[in-house]
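Peer 1: Let me see the structure of the following:
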Amino acid sequence: MQFHIPQYIDIEDKLFGPLTIWQAIYVAGGGGAIYLAYRIIPSIFFSAPVILGFAVITWALAFYPKEKLGKPFIEVLEAGFSYMMGAKLYTWKKTTKESTMGGEEQFLGSQMPRTPAVPSGKLSSASFNIDVRGPQKVEEKELGPGNL
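Peer 2: Numbers count the residues shown, from 1 in each chain. Predicted coordinates:
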């Protein structure tokens, strides 16, 4: 028994002639906005730039290919609005240190991490000698058979 594997599942169905449901919604909304701009703004001299702006946005929403941007234009538009309206995060700010000597600004640079201090004494030096030089071998002449 053969099973048919669906192909081209990422392509939306055409519902209104050559338009998908989302393209039809964008075209209808843009057409409505253009009609309202034509009826509300009395002079064609003032309404033409608004109508042209609505037409360009409508075309981009409905027909701009998502392969060129890597995602649909509505997501790019949404990201742009959220960036413009949202709070910006700054990662660096100038810090000044108050000085008693004058009004000059002093910048606080990054500080190197402190290294731990090496303790001094007989035990630490013996430990250092063992770690670095290894255990010292005592020669047989010193021990001899009678010194054990």
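
Peer 1: which residues of this protein score low on pLDDT?
Peer 2: Within the chain, the stretches with pLDDT under 70 are 97-119, 121-148.

Peer 1: Which parts of it are helices?
Peer 2: For the chain, the helices defined by DSSP state H occupy 21-40, 44-63, 66-69, 73-85, 122-133, 140-143.

Peer 1: Tell me which residues are up against the third one.
Peer 2: Applying Cβ atoms under 8 Å, 6 or more residues apart in numbering, the contact partners of helix 66-69 are 72-73, 76. (Each C-beta comes from the backbone N, C-alpha and C, glycine too.)

Peer 1: Give me the buried subset of these.
Peer 2: Among those, those buried by neighbour count (16 or more other Cβ atoms under 10 Å) are residue 73.

Peer 1: of the contacts of helix 66-69, closest to residue 59?
Peer 2: residue 73 (9.7 Å; Cβ to Cβ).

Peer 1: unless I'm mixing things up, the closest one is touching residue 58, no?
Peer 2: No: counting by Cβ atoms under 8 Å, residue 73 sits too far from residue 58 to count as a contact (10.8 Å).

Peer 1: Provide the count of other residues in contact range of residue 54.
Peer 2: 20 (other Cβ atoms under 10 Å).

Peer 1: how much space between it and residue 63?
Peer 2: According to Cβ to Cβ, to the nearest Å, residue 54 and residue 63 sit 14 Å apart.

Peer 1: and what of residue 52?
Peer 2: Counting by Cβ to Cβ - residue 52 and residue 63 are separated by 16 Å.

Peer 1: so can I have JSON lines of the helices of the chain showing distance to residue 12?
Peer 2: Formatted as JSON lines, the helices of the chain follow (distance: least, Cβ to Cβ, whole Å):
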{"stretch": "helix 21-40", "distance to residue 12": "7"}
{"stretch": "helix 44-63", "distance to residue 12": "12"}
{"stretch": "helix 66-69", "distance to residue 12": "11"}
{"stretch": "helix 73-85", "distance to residue 12": "14"}
{"stretch": "helix 122-133", "distance to residue 12": "71"}
{"stretch": "helix 140-143", "distance to residue 12": "92"}
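
Peer 1: Would you tell me which of those helices gets closest to residue 7?
Peer 2: Nearest to residue 7 among the helices of the chain is helix 66-69 (18.2 Å), distances taken as Cβ to Cβ.
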